[in-house]
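[1] curious how this folds, go ahead:
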Amino acid sequence: MNEEKLISSAAKVLNEDFYAPLERVAEAAQISKRTLYRYFKDRDALIAACYADMLETWYQAMVTAFNSENDPIKQLEAMLYAAIDCGSKYIFLHTLEEKHIDRAAIDKDKVMAYERTKERWFAIVPELQEKNIVDNRLSAPWIRHLFETIARTSVKALNSGDVAPNDLKKFAWLSFSRSIGII
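    The predicted structure follows:
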């Protein structure tokens, strides 16, 4: 068992039941609780590791999405889809406020890479506003929060079974693009 597989098992268990005991995480990983504690001293350390993995996963997905297109609108769309895909693995982390994550336990390089990628995303929005493609009455921070909310809502809708998986991304893009003035 390596740490990556253990984190993946933890994400699966905690997505189903955020308050699941660590014994259940160990069972899902097919290891003993004692082995789990060799990797993580406590629940907070495990959650911090999941958060760090989420940052890395999100960073890689966003870079890939951003670089997959030259058209800024297509970049936004690809990035929204990537955010939805990443969010489905780590929906349990959305129940936490960031202040509950032990940031000292997270690799600073991962946090910086995540922040740089967010800044690249922010650069798309003013560019589209200057071209009157995105409504310039909305601030870039507002649009970022809207983007994050649409991604979270998409994951919740998928997990609840209320929306067909084949329709999910189409609905998410339609909701996001129209809400910021892209028609």
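[2] does the residue lying farthest from the centre of the chain count as helix, strand or coil?
    Among the C-alpha atoms of the chain, the one farthest from their average position, using C-alpha atoms, centre = their mean, is that of R34, at 29.8 Å. Here R34 is recorded as helix under DSSP: H, G, I helix; E, B strand; the rest coil.
[3] can you pull the buried residues of the longest helix along the chain?
    Longest helix in the chain, counting residues (DSSP state H): helix 43-67. Residues 46-55, 57-59, 61-63, 65-66 are the ones in helix 43-67 that count as buried (16 or more other C-beta atoms under 10 Å). Where C-beta positions appear, they are placed from N, C-alpha and C, glycine not excepted.
[4] helices and strands of this structure: which one bottoms out on pLDDT?
    When the helices and strands of the chain are scored by mean pLDDT, DSSP states H and E, helix 108-130 comes last with a mean of 81.
[5] chain center to that helix, what's the gap?
    Computed by C-alpha atoms, centre = their mean, to the nearest Å, the chain-centroid distance of helix 108-130 equals 15 Å.
[6] numbering from 4 from now on, please.
    Sure, I'll start counting at 4 from here, so that last one is helix 111-133.
[7] following element in sequence after that helix, please.
    Next helix or strand after helix 111-133 toward the C-terminus (DSSP states H and E): helix 143-163.
[8] and the angle for that following helix with helix 111-133?
    Orientation of helix 143-163 against helix 111-133 (axes from the mean of the first three to the mean of the last three C-alpha atoms, to 10 degrees) gives an angle of 110 degrees.
[9] give me the domain ranges for the protein.
    Domain assignment for the chain by automatic domain parsing gives 4-43, 54-182.
[10] which stretch in those domains has the least confidence?
    Note on the domains of the chain: lowest mean pLDDT is at domain 54-182, with a mean of 85.
[11] hmm, back to that, in the least confident helix or strand of the chain, which residues are buried?
    Neighbour-count burial for helix 111-133, with 16+ other C-beta under 10 Å as criterion, is recorded at 113, 116-117, 120, 124, 127-128, 131-132.
[12] make JSON lines out of these and add distance to T156.
    Shown next, in JSON lines, are these (distance: C-beta to C-beta, whole Å):
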{"residue": "K113", "distance to T156": "26"}
{"residue": "A116", "distance to T156": "26"}
{"residue": "Y117", "distance to T156": "21"}
{"residue": "T120", "distance to T156": "21"}
{"residue": "W124", "distance to T156": "18"}
{"residue": "I127", "distance to T156": "21"}
{"residue": "V128", "distance to T156": "20"}
{"residue": "L131", "distance to T156": "22"}
{"residue": "Q132", "distance to T156": "24"}
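[13] which one of those sits closest to A160?
    Relative to A160, the closest of those is W124; by C-beta to C-beta it sits at 22.6 Å.
[14] residues contacting the residue nearest to the spatial centre of the chain?
    Closest residue to the average C-alpha location of the chain: G90 at 3.9 Å, with C-alpha atoms, centre = their mean. With contact set as C-beta atoms under 8 Å, 6 or more residues apart in numbering, G90 has these partners: 97, 154-155, 157-158.
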